[in-house]
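**Student:** A predicted structure for the sequence below; I have some questions about it.
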Amino acid sequence: MAENIFEILSGNPYPGRGIILGKNAGGDTYIVYFIMGRSENSRNRVFVPTEDGIKTQAHDPAKMTDPSLIIYHPVRFSGGRAIVTNGDQTENITATFKEGHGLRCALRPREFEPDAPNYTPRISGVVYENGSYELSILKSFNGDPNCCCRNFFSFDNPLPGFGHFISTYMGDGNPLPSFAGEPRLISVDGDIDSFARRVWDSLNPDNKVSLYACRVPLGGGETDRVIFNKNLGD
């Protein structure tokens, strides 16, 4: 049975970074990506539009202490595909698709982030021209950096009114507990503006940083872009 994404998020103080892919009742494909942060460095970010998607950027460059792992292009549109990730694996996926290979090939040389003791999972999603989509989670096995678990989930002909959600963490903690299980089946309803706003409002107000959402028409591309940045007053 499909879950309520707003209840999932409002009941979790720290899911970290999250991806939602799905279709509303009218069959429109949605992408939602959000980031959260506990440190000053992680919270010092905004989403900025680019020609082919978005990038993260320091809100106050003077306060940026370490750009690794937090400055990247979360969303790129390329070759009719929409690519969304929580790190620089966006570039691997974009380049590998241009070479004619798929998501698994793109992520073969990658694994979870080297941020012990959390070993933050790398989460990735791709929406294809026909509306089907894939999600991937690369994470350490039970917090052991010697073993990378590679999980891939493909959804052909997704049904209207439903979507799937993955995040980096199950909740707050020390170390942070990695997301477990399959992508969570959720209900998707309303237009992209209202859906994105409700997701944003469901995130913990102290930890949320930025959110991006859009509608992807058949054939690819981006329409009805929505961006919220806490540092800009959203």
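**Tutor:** Arrived safely, thanks for sending. Numbering: from 1, shown residues only.
**Student:** what about residue 200, which SS state?
**Tutor:** helix (DSSP: H, G, I helix; E, B strand; the rest coil).
**Student:** surely it is in contact with residue 34?
**Tutor:** Yes - between residue 200 and residue 34 there is a contact at 7.4 Å, judged by C-beta atoms under 8 Å. No exception for glycine: its C-beta is placed from N, CA and C like everyone else's.
**Student:** now do the shared contacts for the two.
**Tutor:** Contact criterion C-beta atoms under 8 Å, 6 or more residues apart in numbering; residues shared by residue 200 and residue 34: 208, 211.
**Student:** of the two, who's got more company?
**Tutor:** residue 34 (27 against 20; other C-beta atoms under 10 Å).
**Student:** show me what that one is bridged to.
**Tutor:** Residue 34 forms beta bridges with residue 18, residue 211, as assigned by DSSP bridges.
**Student:** show me the contacts for it.
**Tutor:** Counted by C-beta under 8 Å, 6+ apart, residue 34 has contacts 17, 18, 199, 200, 203, 208, 209, 210, 211, 212.
**Student:** now with 7 Å?
**Tutor:** Residues near residue 34 by C-beta atoms under 7 Å, 6 or more residues apart in numbering: 17, 18, 199, 203, 208, 210, 211.
**Student:** any idea how far residue 40 is from the residue of the chain positioned farthest from its centre?
**Tutor:** Ranked by distance from the centre of the chain (C-alpha atoms, centre = their mean), the top residue is residue 62, with 26.7 Å. Counting by C-beta to C-beta, to the nearest Å, the separation of residue 62 from residue 40 is 12 Å.
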